[in-house]
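Chemist: below: sequence and its predicted model.
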Amino acid sequence: MSGLAPEQAKAASALPLGLYVHVPFCASTCDFCAFYQTQPTVEGVRRFLAGIADEAALIAWTRPVSTVFWGGGTPGLLSPRDLETLATLVRQRCGGVPEEWSVELAPASVTEARLAVLKAAGVTRISLGVQSFQPALLDALGRTHTVEQIHRAYGRIRAAGFASVNLDLMFALPGQSKIEWISDMRAAVALAPDHISTYCLTFEEDTKLWVKLSQGRVKLDPEHEAVLYESTWAQLAAAGYAQYEVSNFARPGHACQHNLNTWRMSEWIGLGPSAASQHAGCRGVNIADLERWLAHVADGDRVTEDRVMLTPTLLAEDALIFGLRMNTGVDLALWRMRAPEAPWPQIEDTLATLAAGNMLLLEGEIVRLTDHGRLIADTIGTEIMAAFEPMTETA
């Protein structure tokens with residue numbers, strides 16, 4: 001049963017609906033990656049595609065899908081025929097042509113045949129996982145592609161005519177200097193993508209980099225990270241890329257709508273092992289195991305992990321945590337209206353304290369991060385969670 005009142009459920013039904021498909025196949029595991037993945041086999045891919053169709057059939061699709069995002073894993077490891085099969089299923093479930101359709105690709109998997117299938121299917125946006133243009137740093141991350149493959153893949157993507165292209169870069173890599181990071185940004189800008197995502201390397205448990213950190217072979221350096229963050233903002237702004245979220249920069253008209261809708265607490269449906277959903281009054285995650293996910297789907301079950309019933313207060317909490325990462329900030333008046341039972345006096349005290357510490361700007365009903373706040377966005381999120389804690393409800 002939904003945790004939303006009838007009028008709130010009606011409001012939710014008017015929000016954009018996203019569709020995320022997790023393609024879990026990877027040829028090898030990068031040292032930093034904590035996402036669920038498995039090596040592809042012909043039989044494994046066949047069963048995965050059948051499972052996606054079966055899981056989609058379990059969902060009440062009550063309105064058209066606005067945005068689609070295929071992530072992984074490496075969706076580009078699917079053959080052109082398998083990509084077409086998956087795309088056909090997505091089109092059947094979207095109730096029309098989505099406004100934006102993004103697909104993540106790794107440079108080594110980009111071929112003209114795969115791109116032709118994606119373009120014909122209606123994909124509008126390609127996100128290319130570059131990470132770095134420095135061979136030594138790629139090797140340190142466990143990435144298997146080369147700089148030459150990056151350039152070849154980008155050229156093929158542009159030649160195929162996609163409406164928008166993103167490059168994913170990572171900084172604060174082990175041994176990376178400020179000069180090397182600036183060089184990477186310059187190399188990315190020289191290609192003239194429409195969008196650039198810059199992610200600070202994080203050390204997730206159960207990754208090779210986490211092991212290296214625990215053994216003292218690599219070290220955290222927050223001050224160096226801050227220097228790299230600030231150099232990113234200055235260089236990309238000078239190149240015409242507007243920052244719209246802590247890690248994301250775009251030319252006009254090229255911000256990722258799927259991610260924006262997610263950060264604004266709209267609804268999305270996740271298909272595939274480990275895919276998350278926020279839909280029909282519930283949030284949860286599919287089990288991160290291909291075989292067990294298939295078994296759940298066969299039994300008519302989905303979103304079986306970390307399942308919570310959504311309440312207006314829970315949505316308001318996440319709207320602040322994730323919304324503050326966006327440069328436009330959060331409209332407090334909107335969330336007071338949507339979640340009147342949230343502990344607003346306590347929340348406002350926390351926001352005022354953060355503003356006094358030069359972490360937030362309070363401009364009427366709009367709250368946003370300062371430049372200093374963007375450097376410590378995760379810490380600010382923890383403070384906001386504490387303000388909501390007495391009222392957070394799970395089921």
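Modeler: On my side now, so go ahead. Numbering: from 1, shown residues only.
Chemist: what is the neighbour count of residue 175?
Modeler: Neighbours of residue 175 under the rule other C-beta atoms under 10 Å: 10. For the C-beta atoms, the positions are set from N, CA and C on the backbone; glycine is no exception.
Chemist: can you check residue 292 too?
Modeler: Neighbour count of residue 292, defined by other C-beta under 10 Å: 13.
Chemist: CA atoms only: put the strand or helix carrying residue 381 into CSV for me.
Modeler: Using DSSP states H and E, the element containing residue 381 is helix 377-388. What follows is helix 377-388 as a C-alpha-only set of coordinates in CSV (Å, rounded to 0.1, in the frame of the first residue of the first chain):
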residue,chain,number,x,y,z
ALA,A,377,28.2,18.3,0.1
ASP,A,378,28.2,14.8,1.6
THR,A,379,28.8,16.2,5.1
ILE,A,380,26.0,18.7,4.7
GLY,A,381,23.7,15.8,3.6
THR,A,382,24.6,14.1,6.8
GLU,A,383,23.6,17.1,8.9
ILE,A,384,20.3,17.4,7.1
MET,A,385,19.6,13.7,7.7
ALA,A,386,20.1,14.3,11.4
ALA,A,387,17.5,17.1,11.3
PHE,A,388,14.9,14.7,9.8
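Chemist: and that helix, average pLDDT?
Modeler: Helix 377-388 comes out with an average pLDDT of 93.
Chemist: buried set for that helix?
Modeler: 377, 380-381, 383-384, 387-388 (16 or more other C-beta atoms under 10 Å).
Chemist: who does it touch, helix- and strand-wise?
Modeler: helix 312-323, helix 344-356 (3 or more C-beta pairs under 8 Å, 6 or more residues apart in numbering; DSSP states H and E).
Chemist: distance from it to the middle of the chain?
Modeler: With C-alpha atoms, centre = their mean, to the nearest Å as the basis, helix 377-388 stands 20 Å off its chain's centre.
Chemist: just stretch 80-95 next, same as before
Modeler: Its chain's average C-alpha position is 21 Å from that of stretch 80-95, according to C-alpha atoms, centre = their mean.
Chemist: low pLDDT regions in the stretch 151-300 of the chain?
Modeler: Scanning the stretch 151-300 of the chain for pLDDT under 70 picks out the ranges 202-222.
Chemist: break down it into its helices, ranges please.
Modeler: 178-191, 208-214, 222-238, 257-263, 290-298 (DSSP state H, counting those that start in this stretch).
Chemist: measure how the longest one sits relative to helix 178-191, angle-wise.
Modeler: Following axes from the mean of the first three to the mean of the last three C-alpha atoms, to 10 degrees, one obtains 30 degrees for the angle between helix 222-238 and helix 178-191.
Chemist: show me the contact partners of helix 222-238.
Modeler: For helix 222-238, the surrounding residues in contact (C-beta atoms under 8 Å, 6 or more residues apart in numbering) are 171-172, 176, 178, 181-182, 185-186, 189, 196, 198, 200, 243, 249, 371, 374-375.
Chemist: drop anything exposed from the residues you listed.
Modeler: 171-172, 176, 181-182, 185, 189, 196, 198, 200, 243, 249, 374-375.
Chemist: hmm, residue 104 is touching residue 75, no?
Modeler: Yes: the pair residue 104 / residue 75 is scored as a contact, 5.8 Å apart, by C-beta atoms under 8 Å.
Chemist: more crowded one of those two?
Modeler: When neighbours are counted by other C-beta under 10 Å, residue 104 and residue 75 differ, and residue 75 comes out ahead with 25 against 20.
Chemist: which residue, other than its chain neighbours, is closest to that one?
Modeler: Sequence neighbours aside, residue 23 is the residue nearest to residue 75 in space, at 4.2 Å (criterion: C-beta to C-beta, 6 or more residues apart in numbering).
Chemist: how near is the one you found to residue 295?
Modeler: 19 Å (C-beta to C-beta, to the nearest Å).
Chemist: more neighbours, the two?
Modeler: residue 23 (29 against 13).
Chemist: look up phi and psi at that one.
Modeler: The phi/psi pair for residue 23 (degrees, to the nearest 10) reads phi -100, psi 110.
Chemist: what sits against it?
Modeler: Counted by C-beta under 8 Å, 6+ apart, residue 23 has contacts 48, 70-75, 77-78, 86, 272.
Chemist: run the last query once more with 10 Å
Modeler: By C-beta atoms under 10 Å, 6 or more residues apart in numbering, residue 23 lies in contact with 37, 40, 45, 48-49, 52, 70-78, 82-83, 86, 103-104, 271-273, 275.
Chemist: now swap in residue 260 and tell me
Modeler: 16, 18, 67, 100, 244-245, 248, 266, 326, 328.
Chemist: then residue 96?
Modeler: Residues in contact with residue 96 (C-beta under 10 Å, 6+ apart) are 63-66.
Chemist: SS state for it?
Modeler: Secondary structure, DSSP: H, G, I helix; E, B strand; the rest coil: residue 96 is coil.
Chemist: so which residue is dead centre in this protein?
Modeler: The chain has residue 259 as the residue nearest its centroid, 6.2 Å off, counting by C-alpha atoms, centre = their mean.
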